[in-house]
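Participant: prediction below, plus the sequence it came from.
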Amino acid sequence: MNVAQATASAGLAAMVALLDSGSIDIYSGTMPATPETAATGTLLVTMTLSATAGSTPAYTSPNMVSTLSFSAASFSPAANGTAGYARAWQSNGTTAVADLTVGTSGTDIVLGTTTISTGTTVTPSGTMSMPAV
């Protein structure tokens, strides 16, 4: 399937709007099969999103991309471990929107290091994307 840019933009904007005032949790371990599957691994850090969680989608071949906006520049971890994946939640904290990749580059959520330790802070950046032609 090839999705028109305008369609991908509308879909991504709707998905990102679900995250307004939501949060992103980073877990150790392997990403579950679907966001409907219970989260696995250790919850390392919770990062809250701004009231407007993402930017207006823009085309960056081959995807529509929205840059995430966090409520703070950095967050304090709750546990030690290696970041394996992230789960994005609606503001109710119980409705999962998406599971995201985590790494130091080329992933949905970019961190300075995937080694997370209490007593330090995590400074995230991130994007949500949807394929478009």
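Facilitator: Yep, it's here. Residues are numbered from 1 along each chain as shown.
Participant: what packs against the lengthiest strand in the chain?
Facilitator: Longest strand in the chain, counting residues (DSSP state E): strand 43-54. Identification of packing neighbours for strand 43-54 by 3 or more CB pairs under 8 Å, 6 or more residues apart in numbering; DSSP states H and E yields helix 5-17, strand 23-28, strand 63-70. For every residue, glycine as well, the C-beta is placed using N, CA and C.
Participant: now with 6 Å?
Facilitator: strand 23-28, strand 63-70 (3 or more CB pairs under 6 Å, 6 or more residues apart in numbering; DSSP states H and E).
Participant: beyond the last one, next helix or strand please.
Facilitator: Towards the C-terminus, the helix or strand next in line after strand 63-70, according to DSSP states H and E, is strand 81-89.
Participant: doesn't S129 make contact with V65?
Facilitator: Yes - between V65 and S129 there is a contact under CB atoms under 6 Å: 4.7 Å.
Participant: so which of these two has more stuff around it?
Facilitator: V65 (18 against 15; other CB atoms under 10 Å).
Participant: ok, now which ones touch the more buried one?
Facilitator: By CB atoms under 6 Å, 6 or more residues apart in numbering, the contact list for V65 reads A58, T127, S129.
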